[in-house]
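Engineer: predicted model and sequence below, questions to follow.
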Amino acid sequence: MPCVASLDAFHQAIAEFTVTDPRLVIEPAALAAARQSLDSSGLLLLDEVRGVRENPVLILAFMQALELTSLALEWPEDFTPVIRAFLASGTLADHWWL
């Protein structure tokens, strides 16, 4: 799995990441199933292969295709203090998982 060695390296990786149109093609049956899930429960659960650089771009394209405006993320419970500190301060602490 790709990783960075420091918070500075993490910020550098973010700065170098470009968002381009992935030209996402969603099969009609998959799109219908996604819409049915949203209509019946208000939720759509996605899974992804961790560490794939294109994941954020594909998730954004999928959200745009379905006109979604909210995204929930999952992380290990031990990472919660790092996320809380980031949300409170706007500064991401250096953490070995990053």
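Structural biologist: Nice, thanks for sending it over. All values derive from a computational prediction rather than experimental measurement.

Engineer: what bits of the protein have low per-residue confidence?
Structural biologist: For the chain, applying pLDDT under 70 flags the ranges 1-3, 97-98.

Engineer: residues in contact with the lengthiest helix in it?
Structural biologist: Secondary structure of the chain read by DSSP state H shows that its longest helix is helix 28-41. The contact list for helix 28-41, computed with Cβ atoms under 8 Å, 6 or more residues apart in numbering, reads 26, 43-45, 65-66, 68. Heads up, the C-betas are built off the backbone N, CA and C, glycines and all.

Engineer: so which helix or strand takes in the most centrally placed residue in the chain?
Structural biologist: Closest residue to the average C-alpha location of the chain: P56 at 4.7 Å, with Cα atoms, centre = their mean. Using DSSP states H and E, P56 maps to helix 55-65.

Engineer: now the element after that helix, going C-ward?
Structural biologist: helix 80-89.

Engineer: can you list contacts of that following helix?
Structural biologist: Against helix 80-89 from outside (Cβ under 8 Å, 6+ apart): 75, 91-93, 95, 97.

Engineer: just the residues you listed now: which is nearest T20?
Structural biologist: Closest approach between those and T20, by Cβ to Cβ: L92, at 24.3 Å.

Engineer: ok, the closest one - contacts?
Structural biologist: 7, 10, 82, 86, 98.

Engineer: put together a markdown table for these, with distance to R50 and neighbour count on each row.
Structural biologist: Below are these laid out as a markdown table (distance: Cβ to Cβ, whole Å; neighbours: other Cβ atoms under 10 Å):
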| residue | distance to R50 | neighbour count |
| --- | --- | --- |
| L7 | 20 | 14 |
| F10 | 16 | 16 |
| V82 | 17 | 16 |
| F86 | 19 | 13 |
| L98 | 13 | 17 |
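
Engineer: list just the nearest of those to G51.
Structural biologist: Among the contacts of L92, and counting by Cβ to Cβ, the member closest to G51 is L98, at 12.4 Å.

Engineer: hmm, back to that, from the contacts of helix 28-41, keep the buried residues only.
Structural biologist: Among the contacts of helix 28-41, not one is classed as buried by 16 or more other Cβ atoms under 10 Å.
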